[in-house]
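**Student:** Have a look at this fold, sequence not included:
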């Protein structure tokens, strides 16, 4: 199978001084047989991003032919290069972030927080995240803000449980939030100033170097990567 690489024109932008959210991925990857550490069945194909693209349709299309496949998509930051967020231009950078997000939700991972999505557990989740981020030298406020936004999305649209992981890759911290609602995929969209909801992904994309999702047959993971703090 031929692997195709490239990227779409999907950078962040500003409209009348307001940051806007890239609403389509810039990279796609599929492990057809579901083994993310085996590249023999991996397909990197973002050629289709040049036209009309639906994330849901793409997932359904792959799943019809390969029910065990692991699918990954990455999105660029709202403003590439702003606030010290280095762009990730090489295949290795974004692929390794997806691998990290896909692998952290294995059973028994002592970094995981699992519970229901009540307000009480969200508070506990924030308390859990602070020491794990603070002692590693990553931007604490940004990571905890993203934890809150992604966990709140699960509370509103998920199915009753979530698993959260923070993984120190040395050059970046990967936050991964997993839930079983594979029929509820993130739908990035730009909201108008008068709208009171729908900004969660914009917040995450604004503070992260890159973000994306991984879809497995039984669960999905939404993840965000953060650079190590200067100094």
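**Tutor:** In hand now; what should we look at? Model, not experiment: these values are computed from the prediction. Numbers count the residues shown, from 1 in each chain.
**Student:** can you give me the helices for this structure?
**Tutor:** With DSSP state H, the ranges of helices along the chain come out as 55-65, 91-103, 119-134, 140-157, 200-207.
**Student:** Any idea which of these gets closest to residue 166?
**Tutor:** helix 119-134 (5.2 Å; CB to CB). C-beta coordinates here come from the backbone N, C-alpha and C atoms, glycine included.
**Student:** Now do that closest one and helix 140-157, the angle between them.
**Tutor:** 150 degrees (axes from the mean of the first three to the mean of the last three CA atoms, to 10 degrees).
**Student:** Run through the neighbouring helices and strands of helix 119-134.
**Tutor:** With contacts taken as 3 or more CB pairs under 8 Å, 6 or more residues apart in numbering; DSSP states H and E, helix 119-134 sits against strand 113-115, helix 140-157, strand 162-168.
**Student:** looking at the ones you listed, which one has the lowest mean pLDDT?
**Tutor:** The minimum mean pLDDT among the helices and strands packed on helix 119-134 belongs to strand 113-115 (a mean of 80).
**Student:** Show me the contact partners of it.
**Tutor:** 121, 124-125, 128-129, 161-164 (CB atoms under 8 Å, 6 or more residues apart in numbering).
**Student:** still on that earlier bit, reformat the helices of the chain as CSV; add distance to residue 27 and mean neighbour count.
**Tutor:** Output for these, formatted as CSV (distance: least, CB to CB, whole Å; neighbours: other CB atoms under 10 Å):
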stretch, distance to residue 27, mean neighbour count
helix 55-65, 12, 14
helix 91-103, 5, 20
helix 119-134, 26, 15
helix 140-157, 20, 20
helix 200-207, 15, 22
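**Student:** can you list these in JSON lines and add distance to residue 76?
**Tutor:** JSON lines is the format used below for the helices of the chain (distance: least, CB to CB, whole Å):
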{"stretch": "helix 55-65", "distance to residue 76": "15"}
{"stretch": "helix 91-103", "distance to residue 76": "10"}
{"stretch": "helix 119-134", "distance to residue 76": "23"}
{"stretch": "helix 140-157", "distance to residue 76": "16"}
{"stretch": "helix 200-207", "distance to residue 76": "8"}
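**Student:** And those helices: which comes nearest residue 217?
**Tutor:** Distance to residue 217, taken as CB to CB, is lowest for helix 55-65 among the helices of the chain, at 7.6 Å.
**Student:** mind checking which of the helices and strands packed on helix 119-134 is nearest residue 229?
**Tutor:** That would be helix 140-157 among the helices and strands packed on helix 119-134, by CB to CB, at 8.5 Å.
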